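[1] Give the three-dimensional model of this entry:
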Amino acid sequence: MQKTWIRTIRDLLMIAAASVIYAAGISFFLDPNNLAPGGVTGISVILNRLCGIETGTLYFLLNVPIVLLGLWKFGLKFMIKTAYAIVLTSTFTNLMAHHGALTTDPLLAALAGSVLIACGIGLVFKAGATTGGTDIIIKVIRQKYKHLKTGFLFQCSDMIIVAISGFIFKDLNVALYALIAVLISGKALDFVLYGGDEAKMIYIITQKPREIGRRLLEDIDVGITYLQGKGGWTGAEKEVIFCVVRKQLGPKVEEIVKEEDSSAFMIITSANEIYGEGYKDFFAETL
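    Numbering: from 1, shown residues only. All right, here's what the predicted structure looks like:
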């Protein structure tokens with residue numbers, strides 16, 4: 001019980017720090033330079049110019065129905081930390097907005113803002129939460145349309161928002177700088193979460209191999225292999241789940257394993273080159 005409380009407090013403090021970092025990226029760099037970095041944040045920046053409501057307030061209001069959708073689809077346990085992150089992010093975004101931009105150079109703003117946002121999102125993910133917005137919407141969409149890839153859906157939503165920003169601001173350069181921010185943020189987030197590794201090779205030893213395997217197949221469309229193992233002390237036969245996933249899906253695998261069997265034994269290693277179906281041809285370029 002004590003360890004649970006310590007872990008919860010640590011996660012809440014991490015989310016608070018992440019919210020400050022995320023809000024700094026928006027208020028000091030992206031928002032004052034008309035850069036809409038995709039997602040609900042980008043929509044909030046655009047709507048701020050149309051209606052004058054503070055960006056942080058719009059970020060909160062837009063996330064309210066999304067959080068309710070998440071509560072309906074995924075339950076209170078999944079959403080409580082996410083709601084906490086949303087409230088803090090919207091609050092800090094409004095507080096910092098009064099200080100104005102730290103740079104008016106759009107390229108520097110895109111670089112700095114996107115890196116800060118990526119760091120904030122990465123810390124939120126590590127604390128077991130999300131920043132709400134399109135993360136939840138895409139998760140819901142994939143429940144019904146499992147053939148659609150998560151990365152593809154994120155790219156589509158971000159491109160649409162960036163295109164709309166160029167139309168609203170009547171400036172192609174602004175849209176292109178926002179696109180730079182989106183691309184850099186994705187790369188920076190990968191680095192925050194996974195370092196320089198290209199993919200993850202995962203072994204999962206659990207009492208619930210079939211339940212975890214089913215969710216890996218259905219929820220995130222990951223191919224798995226069941227390996228036959230035997231306990232060294234007990235001599236009991238058991239199934240070991242083996243899978244290789246792209247680095248972006250690593251946290252999702254961990255989340256599923258924790259939800260299904262918190263006592264599972266999981267080994268995660270780096271996999272820099274993967275050949276075969278779903279990855280690359282033997283003679284293709286290195287990942």
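
[2] use CA for all of it now, contacts and neighbours both
    OK.

[3] The longest strand along the chain pairs with which strands?
    Using DSSP state E, we find that the single longest strand of the chain is strand 237-246. Sheet pairing of strand 237-246 (DSSP bridges) gives strand 199-205 (antiparallel), strand 224-230 (antiparallel).

[4] Looking at those strands, which is nearest to Lys144?
    Among the strands paired with strand 237-246, the nearest to Lys144 by CA to CA is strand 224-230 (21.2 Å).

[5] Tell me where the model's unsure across the stretch 151-287 of the chain.
    Counting by pLDDT under 70, the stretch 151-287 of the chain has low-confidence residues at 151-152, 190, 193-198, 272-287.

[6] how about the helices in it?
    172-194, 209-219, 250-260 (DSSP state H, counting those that start in this stretch).

[7] would JSON lines of those helices with distance to Val87 and mean neighbour count be doable?
    Compiled in JSON lines, the helices of the stretch 151-287 of the chain are given as follows (distance: least, CA to CA, whole Å; neighbours: other CA atoms under 10 Å):
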{"stretch": "helix 172-194", "distance to Val87": "21", "mean neighbour count": "20"}
{"stretch": "helix 209-219", "distance to Val87": "28", "mean neighbour count": "17"}
{"stretch": "helix 250-260", "distance to Val87": "23", "mean neighbour count": "16"}
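
[8] got CSV for these, with distance to Pro106 too?
    Below are those laid out as CSV (distance: least, CA to CA, whole Å):
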stretch, distance to Pro106
helix 172-194, 7
helix 209-219, 38
helix 250-260, 32
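
[9] closest to Gln2 out of these?
    Closest among those, using CA to CA: helix 250-260, at 18.6 Å.

[10] May I have that closest one exported as PDB, CA atoms only?
    What follows is helix 250-260, C-alpha atoms only, in PDB (Å, rounded to 0.1, in the frame of the first residue of the first chain):
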ATOM      1  CA  GLY A 250       6.300   0.300 -26.500                       C
ATOM      2  CA  PRO A 251       4.300   2.200 -23.800                       C
ATOM      3  CA  LYS A 252       1.000   0.700 -25.100                       C
ATOM      4  CA  VAL A 253       2.400  -2.800 -24.700                       C
ATOM      5  CA  GLU A 254       3.500  -2.000 -21.200                       C
ATOM      6  CA  GLU A 255       0.100  -0.500 -20.400                       C
ATOM      7  CA  ILE A 256      -1.700  -3.700 -21.500                       C
ATOM      8  CA  VAL A 257       0.600  -6.000 -19.600                       C
ATOM      9  CA  LYS A 258       0.200  -3.900 -16.400                       C
ATOM     10  CA  GLU A 259      -3.600  -3.900 -16.800                       C
ATOM     11  CA  GLU A 260      -3.900  -7.600 -17.300                       C
END
